[in-house]
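Student: The following block contains a protein sequence and its predicted model.
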Amino acid sequence: MGVVARVDAYQRRHRWAGLPLAVVYKFYDDQATYLAAVLTYYSFLSLFPLLLILVSVLGTLLSGNPQLRERVLNSALGEFPVIGDQLGENIHSFHGSGVALVVGVLGSLYGALGVAQAAQHALNKIWAVPRHARPDPFRSRLRGLLFLSILALGLCLTTGLSVAESRASVFGARLETGVRVAAAAAAIVLNAALLLLVYRTLIRRRLPLRRLFGAVLGGAFAWQLLQWGGSYYVSKVLRGATATYGLFGIVLGLLAWLYLGALIFLMTAEVSVVRIMRLWPRSLLTPFTDRVQLTPADRRAYQSYAATEAFKGFQKIRVRFGSPPRPPSGGPPEEEG
């Protein structure tokens, strides 16, 4: 038995090796990097004007209490570490006419619905939902509005946590540290619950929510790390930079931050699918060659990919696997896993 065959046999027997490998293969099969790029594109188009509207609305509603206004704004914009500081510093320039605000809201809503549509498409593709079972263009946009409402709710709740955390200093340094740790833990649990709600809203199939919680908790923790990383980038890299460099740094940093966030969002879904649909262990060489003995998980995965492309409910797709091709004449015999 060759080295490759021994590695293949080992990862099939051990969950800690086989499950991550299956997630990576599923991620590759779904072309999730391209799905993340689409999410990043629509997020970039909609995020900036949406944050401008948020700053303007909060600034108007809380104009009578400047201290509370600054605290809430800083907490809300802190959820967007790469661009939030820039908006906070220039808040005075976003108070315009009512017509301009309405136009901005409509334009932002259009872009935000693009994010919702891209997220629906990506999640339904990852979860192998047939095309005929997905909502029509009108219902999908209604789901998109619900998705945006969930995001708005999440922003309000996490902003409330941030405000509570900022007020911890009145209790002394030792208690402040405990409150900060508790607030971070609560934010992770809250983001995990919101992610479950998003999956339940956008994915057109019945989901075992209890079995999803472990994966979404890991995704929420990764999102929290990404926020801390964005804050570090702003404080260490952009602070003190020249205007030109700072502008490019903000744009590139924002794109990178959005793309990493999209990858976390999709990777969490991939982990959930592989675990729930038992799409592991996979054959080690299956992405690279046809001369491979497919595992039952390989077969389930490829069958689901074909079934996903059914456009009509009465369209029947059957998948049959033949024997893998033999190795070239005179070559070594093919190892079977």
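Tutor: Here it is on my side, so go on.
Student: and residue 29, how many neighbours?
Tutor: 18 (other CB atoms under 10 Å). C-beta here means a position set from N, CA and C on the backbone, and glycine is covered the same way.
Student: Ok, residue 262 next?
Tutor: Neighbours of residue 262 (other CB under 10 Å): 25.
Student: how much space between it and residue 223?
Tutor: 11 Å (CB to CB, to the nearest Å).
Student: Please apply the same query to residue 252.
Tutor: 20 Å.
Student: Have a look at those two and say which one is more surrounded.
Tutor: residue 223 (20 against 11).
Student: So residue 156, which state does it fall into?
Tutor: helix (DSSP: H, G, I helix; E, B strand; the rest coil).
Student: Which pLDDT does the model give it?
Tutor: For residue 156, the pLDDT comes out at 74.
Student: For the helix or strand residue 212 falls within, name the packing helices and strands.
Tutor: In this structure, residue 212 sits in helix 209-233 according to DSSP states H and E. For helix 209-233, the elements it packs on are helix 173-202, helix 243-276, judged by 3 or more CB pairs under 8 Å, 6 or more residues apart in numbering; DSSP states H and E.
Student: in that helix, what's buried?
Tutor: With burial defined by 16 or more other CB atoms under 10 Å, the residues of helix 209-233 counted as buried are 212-213, 215-223, 226-227, 230, 233.
Student: what's the lowest-pLDDT member of those?
Tutor: residue 233 (68).
Student: which stretches of the protein form helices?
Tutor: 3-13, 15-29, 32-61, 66-77, 84-89, 98-126, 137-166, 173-202, 209-233, 243-276, 296-308 (DSSP state H).
Student: dump the residue contacts of the closest residue to residue 112 other than its chain neighbours.
Tutor: Using CB to CB, 6 or more residues apart in numbering and skipping the chain neighbours, the partner closest in space to residue 112 is residue 46 (4.4 Å). Residue 46 sits next to 108, 111-112, 114-115 when contact means CB atoms under 8 Å, 6 or more residues apart in numbering.
Student: pretty sure residue 17 is touching residue 10, no?
Tutor: Yes. In this structure residue 17 lies within contact range of residue 10 using CB atoms under 8 Å: 6.6 Å.
Student: neighbour-wise, which of these two wins?
Tutor: Neighbour count, other CB under 10 Å: between residue 17 and residue 10, residue 17 has more, with 15 against 12.
Student: thinking again about what came up before, do you know which of the helices of the chain lies nearest residue 320?
Tutor: For residue 320, the closest of the helices of the chain is helix 296-308, at 9.8 Å, according to CB to CB.
Student: list the helices and strands that closest one packs on?
Tutor: So helix 296-308, by 3+ CB pairs under 8 Å, 6+ apart, packs with helix 15-29.
Student: List the buried residues in the helix it packs on.
Tutor: In helix 15-29, counting by 16+ other CB under 10 Å, buried: 18-19, 21-23, 25-27, 29.
Student: For that helix, give me every contacting residue.
Tutor: Helix 15-29 has contacts (CB under 8 Å, 6+ apart) with 10-12, 33, 126, 266-267, 270-271, 273-275, 279-282, 284, 286-287, 297, 301, 305.
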